[in-house]
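**Student:** build me a model:
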Amino acid sequence: MKKLILAILIFIITLNVSAVNGSLRSNGDQEILNVWGNNYEMGFAQGYLLNKRIPEFFSKFFFDIVGLTYLEYDYVHANYNKYFVVPEKYREDAEGLIDGIVAAGEDIHIPELNRDLNITDILMANSVLDLSYVFGSNNPLGCSSLSAWGKVTENDTLIKGNIIIGRNFDLLHEIGTAERGVIMTVEPDNGKPWISFGYPMIIAPISGINEDMLFGAINVGYHYNTPYTTPQMEPIQFIQREIFETPDFNQDDTINFKDIYEKVLEVNNAGAWLLHTVIPYVDSSTISAAVLECVNESGDTFRTSKNDANLYPWYLLALNHEEVNYEPISDFRYNVALDSLQKDTDMTFNRMRNIMKALAQDNTLQTIFFLPNDSLFAISFADSAHDASYFSPLWYKWSDLFPNHQPLEKLLESRKKTLFLPDIQRLIYNEEISIYSITGRKIDIEEINNISSGYYFVKRHNNEKTYKLLIIK
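**Tutor:** Residues are numbered from 1 along each chain as shown. Have a look, this model is predicted:
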């Protein structure tokens with residue numbers, strides 16, 4: 001199985017990149033967007049690389065898919081900063097994203113609003129479900145996740161007694177028609193690297209993984225009343241991003257669900273959220289999976305498998321019902337999962353995949369599987385004809401994605417002495433190198449996009465060292 005996983009991890013650069021801390025790659029029909037640097041630089045990279053897809057998806061999402069009128073959108077936009085607070089560093093991501101679109105030569109004008117895309121628009125796109133709690137519309141219920149560990153996974157050659165989580169992200173089917181989705185790897189200058197599964201303009205994760213193999217997935221809850229709007233509320237996706245980037249948030253020298261729990265206790269949040277978290281499995285005495293129940297009207301709490309006698313001690317299921325401060329609300333998906341688990345308690349990867357198929361709906365946009373002990377995940381995205389669970393997921397290993405870029409010295413001194421044109425473009429535009437043809441003619445910056453594949457001399461600035469490299473366009 002591992003050999004198969006490694007064999008399919010072949011990445012091909014598909015987009016020429018210039019002057020950005022980012023790259024866009026593909027693995028089959030899946031895209032991997034890599035960004036690194038400070039917040040502005042990472043936002044700029046996404047804007048530059050995805051460029052016109054961002055304003056196009058913005059308009060399709062808010063006006064065609066969600067169905068807001070222009071007046072409704074303007075009202076929410078005008079009041080966003082009254083109700084919500086977003087850490088300043090993430091506003092820098094949004095600013096960079098917009099500047100990146102412009103630098104790529106694309107228009108940021110939104111015809112429906114008769115103005116240009118701005119920072120608040122990007123923040124709203126990363127707070128969509130929070131907005132619905134405050135401004136009067138109900139969220140579409142959906143999303144499901146199941147984790148299993150220990151005794152029930154011992155007989156599977158892939159899981160090997162450790163923990164696995166399966167996750168369906170459900171929202172609006174039309175999103176899968178507009179965009180297949182993007183895997184985004186983030187390597188911030190100040191913070192832990194993390195991965196999210198999103199769409200253009202998304203800078204804060206709905207589902208994601210960080211370097212500690214902490215997985216978090218957000219589901220909406222049933223009890224969505226929001227009576228407490230002061231202090232200002234922090235959108236749930238930005239809360240999760242803060243956790244992913246902050247080393248050991250509660251400083252107790254242990255990475256677990258309590259890092260997220262103590263963060264949500266610090267801030268006010270809108271509506272109701274269920275955050276299913278997992279960490280690598282250690283033993284039966286350690287809690288490797290928990291569901292945080294973040295509810296505006298009743299306060300924040302959490303549950304583990306002990307809260308559900310039907311699933312204890314080896315399973316934890318998260319749908320949309322809260323279980324600690326409220327009586328669970330009936331959900332047919334709970335009965336589907338419970339019926340399967342009671343008939344056969346053993347869990348294999350193939351069984352987990354079949355259960356997630358059974359829990360999927362026509363608006364399931366992503367199906368994710370994560371094995372934190374092995375730093376492995378697999379994902380499939382919906383398209384216009386099928387929900388995500390229909391497709392075989394593609395596997396990735398953390399070490400194949402990070403580091404998500406190479407330092408200059410490592411690039412130039414690589415054993416194969418081969419660089420792809422996007423790497424060269426980034427380096428020359430950032431004035432780190434000069435390039436000469438095999439005859440010694442210097443390649444001007446305006447020529448770089450049109451050079452042919454072949455051997456060139458590359459000289460580092462402020463360094464006498466010169467490299468002979470094969471550049472592939």
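
**Student:** all contacts plus neighbour counts: C-alpha atoms, from now on.
**Tutor:** Fine.

**Student:** find the centremost residue of this structure, please.
**Tutor:** Ser196 (1.3 Å; C-alpha atoms, centre = their mean).

**Student:** okay, now the domains of this structure?
**Tutor:** Domain segmentation of the chain under automatic domain parsing yields 144-172+213-223+235-399, 408-472.

**Student:** quick one, which of those is packed in tightest?
**Tutor:** Of all the domains of the chain, domain 144-172+213-223+235-399 carries the top mean neighbour count, a mean of 20, counting by mean count of other C-alpha atoms under 10 Å.

**Student:** for the spatially most distant residue from the centre of the chain, pull up the helix or strand it's in.
**Tutor:** Note on the chain: the largest C-alpha distance from the chain mean falls to Thr439, namely 45.9 Å (C-alpha atoms, centre = their mean). Per DSSP states H and E, Thr439 falls between elements, in no helix or strand.

**Student:** could I get stretch 330-343 in CSV with only the CA atoms?
**Tutor:** C-alpha atoms of stretch 330-343 as CSV (Å, rounded to 0.1, in the frame of the first residue of the first chain):
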residue,chain,number,x,y,z
SER,A,330,-32.4,12.7,15.3
ASP,A,331,-30.3,12.3,12.2
PHE,A,332,-30.6,9.4,9.8
ARG,A,333,-26.9,9.5,9.1
TYR,A,334,-26.2,8.6,12.8
ASN,A,335,-28.3,5.4,12.4
VAL,A,336,-26.5,4.5,9.1
ALA,A,337,-23.1,4.7,10.8
LEU,A,338,-24.3,3.0,14.0
ASP,A,339,-25.9,0.1,12.1
SER,A,340,-22.7,-0.5,10.2
LEU,A,341,-20.4,-0.3,13.3
GLN,A,342,-22.6,-2.6,15.3
LYS,A,343,-22.7,-5.3,12.6
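
**Student:** residues making contact with it?
**Tutor:** With C-alpha atoms under 8 Å, 6 or more residues apart in numbering as the test, stretch 330-343 has contacts from 310-311, 319, 355, 358-359.

**Student:** so the residue nearest to the centre of the chain makes contact with Gly181?
**Tutor:** No - with contact defined as C-alpha atoms under 8 Å, Ser196 does not reach Gly181; the gap is 10.4 Å.

**Student:** overlap in contacts, these two.
**Tutor:** By C-alpha under 8 Å, 6+ apart, no residue touches both Ser196 and Gly181.

**Student:** narrow the contacts of stretch 330-343 to those in helices?
**Tutor:** Using DSSP state H to define helices, the subset of the contacts of stretch 330-343 located there is 355, 358-359.

**Student:** name the residues of stretch 74-92 that are buried.
**Tutor:** 76-77, 80, 83-86, 90-92 (16 or more other C-alpha atoms under 10 Å).

**Student:** list just the nearest of those residues to Phe135.
**Tutor:** Val76 (7.3 Å; C-alpha to C-alpha).

**Student:** how about that closest one: what's its closest non-neighbour residue?
**Tutor:** In space, and not counting its chain neighbours, Val76 is closest to Phe135: 7.3 Å by C-alpha to C-alpha, 6 or more residues apart in numbering.

**Student:** any idea how far that neighbour is from Pro188?
**Tutor:** Computed as C-alpha to C-alpha, to the nearest Å, the Phe135 to Pro188 distance reads 33 Å.

**Student:** which ones are touching Trp314?
**Tutor:** By C-alpha under 8 Å, 6+ apart, the residues touching Trp314 are 148-152, 305.

**Student:** now the domains of the chain in JSON lines, with distance to Asp107 and mean pLDDT?
**Tutor:** Below are these laid out as JSON lines (distance: least, C-alpha to C-alpha, whole Å; pLDDT from 0 to 100):
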{"stretch": "domain 144-172+213-223+235-399", "distance to Asp107": "27", "mean pLDDT": "96"}
{"stretch": "domain 408-472", "distance to Asp107": "22", "mean pLDDT": "71"}
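
**Student:** output the contacting helices and strands for the helix or strand containing Asn79.
**Tutor:** If you go by DSSP H and E, Asn79 is part of helix 70-83. For helix 70-83, the elements it packs on are helix 119-125, judged by 3 or more C-alpha pairs under 8 Å, 6 or more residues apart in numbering; DSSP states H and E.

**Student:** what's the first helix or strand after the helix it packs on?
**Tutor:** The helix or strand immediately downstream of helix 119-125 is helix 128-134, counting by DSSP H and E.

**Student:** ok, residues contacting that next one?
**Tutor:** Contacts of helix 128-134 (C-alpha under 8 Å, 6+ apart): 76, 124, 138-139, 224-226, 235-236, 270-271.

**Student:** which of those residues sits closest to Phe377?
**Tutor:** Ile236 (22.9 Å).

**Student:** before we move on, back to that, the residue nearest to Val76 contacts Tyr75, doesn't it?
**Tutor:** No - in this structure Phe135 lies outside contact range of Tyr75 using C-alpha under 8 Å: 9.4 Å.

**Student:** which residues in the stretch 101-250 of the chain form helices?
**Tutor:** Along the stretch 101-250 of the chain, counting by DSSP state H, counting those that start in this stretch, helices occupy 119-125, 128-134, 173-178, 236-245.

**Student:** oh, that last question was meant for the stretch 301-450 of the chain, not what I typed.
**Tutor:** Under DSSP H, counting those that start in this stretch, the stretch 301-450 of the chain gives helices at 332-343, 349-359, 398-401, 408-412, 421-429.

**Student:** hang on, the earlier thing: the contacts of stretch 330-343: which two are farthest apart?
**Tutor:** So, the contacts of stretch 330-343 by C-alpha to C-alpha: farthest apart are Asn310 and Ala358, at 18.8 Å.

**Student:** if we can go back for a sec, and the contacts of helix 128-134 as CSV, adding distance to Arg333?
**Tutor:** Formatted as CSV, the contacts of helix 128-134 follow (distance: C-alpha to C-alpha, whole Å):
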residue, distance to Arg333
Val76, 33
Met124, 30
Asn138, 20
Asn139, 18
Tyr224, 20
Asn225, 24
Thr226, 26
Pro235, 27
Ile236, 24
Ala270, 25
Gly271, 22
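
**Student:** what's near enough to touch Thr348?
**Tutor:** By C-alpha under 8 Å, 6+ apart, the contact set of Thr348 is 153, 155-156, 158-159.

**Student:** any chance of these in a markdown table with distance to Ile379 as columns?
**Tutor:** Below are the contacts of Thr348 laid out as a markdown table (distance: C-alpha to C-alpha, whole Å):
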| residue | distance to Ile379 |
| --- | --- |
| Thr153 | 20 |
| Asn155 | 23 |
| Asp156 | 20 |
| Leu158 | 16 |
| Ile159 | 17 |
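
**Student:** quick check: His394 touching Ser380?
**Tutor:** Wrong residue type there; residue 394 is Leu, not His. Yes - using C-alpha under 8 Å, Leu394 makes contact with Ser380 at a distance of 6.5 Å.

**Student:** and Ile5, what pLDDT?
**Tutor:** Confidence at Ile5, expressed as pLDDT, is 42.

**Student:** what's the answer for Val128, then?
**Tutor:** With respect to pLDDT, Val128 has a value of 91.

**Student:** likewise the one 5 residues further on?
**Tutor:** Among the per-residue scores, Tyr133 shows a pLDDT of 91.

**Student:** follow-up on the earlier one: ok, so of the contacts of stretch 330-343, who is nearest Arg241?
**Tutor:** Leu319 (21.6 Å).
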